[in-house]
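Q: no sequence on this one, just coordinates:
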């Protein structure tokens with residue numbers, strides 16, 4: 001049900017061969033928040049993808065320098081830098097994929113919910129520009145709290161009458177990357193061969209690693225399974241505390257976002273079988289949005305692969321997440337209703 005996406009370190013060589021006769025592998029990708037802690041390494045990784053023909057970078061400061069730096073790298077993507085509100089429209093115009101890591105990072109003692117007031121406005125403004133200038137683009141929301149910012153993006157698109165639920169994604173790939181890493185470490189496995197789906201949301205108890213569906217199959221005593229699940233749920237805080245006020249998970253998030261972007265671009269070019277977990281509009285649970293493995297296609301979501309069979313322990317984690325997840329979603333929707341005029 002859940003297949004492994006090729007890692008970026010292997011991606012370039014494989015795709016050079018795979019897409020040598022492709023009908024279309026020219027894609028404009030816009031990164032909004034490209035000068036930040038996630039945006040810069042994410043842009044570097046995307047510059048290496050042969051699927052990207054134009055990498056358009058936007059931020060409120062320093063973008064021309066980041067763009068100039070990346071433009072010297074000997075890969076095919078043209079790089080342009082766009083700075084400030086006046087240049088946002090040009091950045092996203094005709095983009096095929098827009099990735100949004102813009103916003104303030106978490107600091108020690110901060111929950112993702114604490115980020116809401118600042119980051120909500122940022123995401124709403126950026127998605128509004130997308131609605132007006134690239135209404136058919138795929139949109140990958142990275143800005144936290146994802147449980148709320150994805151509903152914000154969707155509601156803004158609705159108000160502009162361009163919403164397509166198959167094209168809006170909350171990028172939760174980092175939860176999968178962490179699960180794969182932690183499980184491989186615990187079992188002494190080759191991490192490149194480990195895949196563990198993660199469902200639910202993208203903060204705290206809403207993150208539900210489905211260890212029972214891991215490939216290869218692994219098993220843990222209940223106490224160890226619980227400890228591992230809690231570590232995956234709190235891995236973001238682990239990084240924030242380790243950086244001691246100097247930032248949050250930026251490098252690992254950039255890696256995960258590039259993995260998601262390459263998988264989506266690959267699927268948009270017609271490659272079948274690309275699967276990523278993502279936080280999307282969903283009927284899988286009573287929550288309007290829910291992360292599950294998604295089969296990607298030319299038009300975004302080809303098929304929601306669903307939750308699958310869960311252990312009682314995992315089902316209890318989903319149940320425990322539901323109230324918080326629904327509240328997060330409602331908060332995002334209400335923000336747009338109260339503050340946004342199309």
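A: Looks like it came in fine. Values in this document were obtained by computation on a predicted structure and should not be read as measured data.

Q: contacts, neighbours, all on C-alpha from now
A: Noted.

Q: SS state for residue 292?
A: strand (DSSP: H, G, I helix; E, B strand; the rest coil).

Q: any idea how far residue 236 is from it?
A: In this view, residue 292 and residue 236 are 20 Å apart by C-alpha to C-alpha, to the nearest Å.

Q: higher neighbour count, these two?
A: Taking other C-alpha atoms under 10 Å, residue 292 and residue 236 do not tie; residue 292 has more neighbours (27 against 24).

Q: residues touching the more buried one, list them.
A: 197-200, 277-279, 304-307 (C-alpha atoms under 8 Å, 6 or more residues apart in numbering).

Q: can you put the residues you listed in JSON lines and add pLDDT, secondary structure and neighbour count?
A: Listed next are the contacts of residue 292 as JSON lines, based on pLDDT from 0 to 100; DSSP: H, G, I helix; E, B strand; the rest coil; neighbours: other C-alpha atoms under 10 Å:
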{"residue": "197", "pLDDT": "98", "secondary structure": "coil", "neighbour count": "28"}
{"residue": "198", "pLDDT": "98", "secondary structure": "strand", "neighbour count": "31"}
{"residue": "199", "pLDDT": "98", "secondary structure": "strand", "neighbour count": "25"}
{"residue": "200", "pLDDT": "98", "secondary structure": "strand", "neighbour count": "29"}
{"residue": "277", "pLDDT": "98", "secondary structure": "strand", "neighbour count": "30"}
{"residue": "278", "pLDDT": "98", "secondary structure": "strand", "neighbour count": "31"}
{"residue": "279", "pLDDT": "98", "secondary structure": "strand", "neighbour count": "28"}
{"residue": "304", "pLDDT": "98", "secondary structure": "strand", "neighbour count": "21"}
{"residue": "305", "pLDDT": "98", "secondary structure": "coil", "neighbour count": "16"}
{"residue": "306", "pLDDT": "97", "secondary structure": "coil", "neighbour count": "18"}
{"residue": "307", "pLDDT": "97", "secondary structure": "coil", "neighbour count": "19"}
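
Q: tell me where the model's unsure across the chain.
A: Along the chain, the parts satisfying pLDDT under 70 run over 1-24, 106, 110-113, 342.

Q: what's the domain layout of it?
A: Domain segmentation of the chain under automatic domain parsing yields 8-171, 173-252+272-327.

Q: list the contacts of the spatially most central residue of the chain.
A: Nearest to the geometric centre of the chain sits residue 171, at 1.6 Å (C-alpha atoms, centre = their mean). Counting by C-alpha under 8 Å, 6+ apart, residue 171 touches 140-142, 146, 257, 260, 277-279.

Q: biggest separation within these, which pair?
A: Greatest spatial distance among the contacts of residue 171 (C-alpha to C-alpha): 146 and 260, at 15.1 Å.

Q: which parts of the chain are strands?
A: Assigned by DSSP state E, the chain shows strands spanning 27-32, 52-59, 78-83, 97-100, 138-141, 168-170, 198-200, 207-209, 275-281, 289-297, 300-304.
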